[in-house]
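>>> Please find the sequence and the predicted model below.
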Amino acid sequence: MPQGLLFPASPDFSKDGKYLYVSNLSLDLRLFGLVQSVDSQWTAQVQRQTISRIKVKVPPAGHGNSDDHDDH
């Protein structure tokens, strides 16, 4: 079973806004004749591509702490 996200990519919210879907990009650049990247060895070990569904609660806009911004 996959654990964690190697390189989170393409985030998208569900239509009801309750979930965030995130694909897990695992692209070994060496396969395209490019230089090895920091995560090339990890991407070479990936056997399954995954999409994660994460439950979220996003507060409505404009209801933050008034100290969080500068009104000048």
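Looks like it came in fine. Bear in mind the structure is a predicted one, so any value in this text is a computation, not a measurement. Numbers count the residues shown, from 1 in each chain.

>>> Show me the strands in the protein, by range?
8-13, 19-24, 51-55 (DSSP state E).

>>> tell me how far the helix-or-strand element of the chain with minimal mean pLDDT is from the chain's mean position?
Here the helix or strand of the chain ranked lowest by mean pLDDT, DSSP states H and E is helix 40-45, holding a mean of 86. Offset of helix 40-45 from its chain centre (CA atoms, centre = their mean, to the nearest Å): 18 Å.

>>> any low-confidence regions in this structure?
1-2, 63-72 (pLDDT under 70).

>>> how about 90 then?
Confidence mapping of the chain against pLDDT under 90 gives the ranges 1-10, 17, 24-29, 31, 36-51, 57-72.

>>> Give me the buried stretch members for the least confident helix or strand of the chain, please.
T43 (16 or more other CB atoms under 10 Å). C-beta here means a position set from N, CA and C on the backbone, and glycine is covered the same way.

>>> Contacts for that helix next, please.
Helix 40-45 is contacted by residues 6, 26-30 when judged by CB atoms under 8 Å, 6 or more residues apart in numbering.

>>> For PyMOL, write the selection for the buried entries among the residues you listed.
Of these, the buried ones can be selected in PyMOL as follows, counting by 16+ other CB under 10 Å:
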select buried, resi 6+26+27+28
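
>>> nearest to V56, of the contacts of helix 40-45?
Ranked by distance to V56 (CB to CB), the contacts of helix 40-45 are led by L6 at 20.7 Å.
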